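Asker: here is my input, please return the structure:
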Amino acid sequence: MAPVSEQEAVEDGLAELEALPGGARAALEAVLMVIDEPATSEELAAGLNVTVSVVEDLLQDLQREYSGYTVKAPDVDAVGFAAASTAPRGFELRNVAGGWRIYSRSEFADIVGRFVLEGQTTRLTQAALETLAVIAYRQPVSRARVSAIRGVNVDSVVRTLTQRGLIEDSGNDPESGAVLYRTTSYFLERMGIGSVAELPQLSPHLPGLEGIDEYYDASRM
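Answerer: Next up is the predicted model:
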């Protein structure tokens, strides 16, 4: 059996991409959506197993679409109504320092900045504060134990605290396998303390701590 040439390998790779929903163009777009730093045409081509020229053509196509590519009315039949009526997106494809990446459009900088800022400064809800207090004093602790202490499901609150960088995964409980949580260095920074040992001695006064070990063990049976 004759070995497959480089050209044949590239053609096979392009054929595989075209068999996917949206073809090679959509595959390139999917990659661009997840990279966190600009990627060169060569890097993108290697990742998709196509030639650089193919990638560069696709990049130009995407760039024009995101910018609201339009044509004159007589040319609509030639390019299709969708291409002729595309409006500019809130994001754009830029070639920065030799690499390609998707960015939010500069015209929306104030809106994006306000959204990010408000998201970072939004106060925690009472439920989040109570859950954070339990984790701070009982860490490492599982969601099930925190739920038992608070008497409510805390799954969504734990996700919020994790996203805010206040708590993190601390491994698994050796008996149950449940994920354990602890506070982060960012939590200490926000509290203005050097370690959790400096937290006020409030744990004896938290509601529901008495007999919680027995209750939690019983709930697993």
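
Asker: now the helices: where do they sit in the protein?
Answerer: 6-18, 23-34, 41-48, 52-66, 76-79, 81-84, 109-121, 126-138, 143-150, 155-163, 185-191, 212-219 (DSSP state H).

Asker: okay, those helices, which one's buried deepest?
Answerer: The highest mean neighbour count among the helices of the chain, using mean count of other CB atoms under 10 Å, belongs to helix 143-150: a mean of 20. Glycine gets a C-beta too; all of them are placed from N, C-alpha and C.

Asker: relative to residue 170, which of the helices of the chain is closest?
Answerer: Nearest of these to residue 170, taken as CB to CB: helix 126-138 at 9.7 Å.

Asker: could you check the pLDDT of the residue minimising distance to the centre of the chain?
Answerer: By CA atoms, centre = their mean, the mean C-alpha position of the chain lies nearest to residue 34, the distance being 8.7 Å. Model confidence at residue 34, given as pLDDT, is 84.

Asker: ditto for residue 74
Answerer: pLDDT, residue 74: 46.

Asker: same check on residue 205?
Answerer: According to the prediction, residue 205 has pLDDT 57.

Asker: run through the residues that contact the residue lying closest to residue 89 once chain neighbours are set aside.
Answerer: Leaving aside its sequence neighbours, residue 89 sits nearest to residue 66 (CB to CB, 6 or more residues apart in numbering; 4.6 Å). Contacts for residue 66 (CB atoms under 8 Å, 6 or more residues apart in numbering) come out as 88-89, 91-93, 102.
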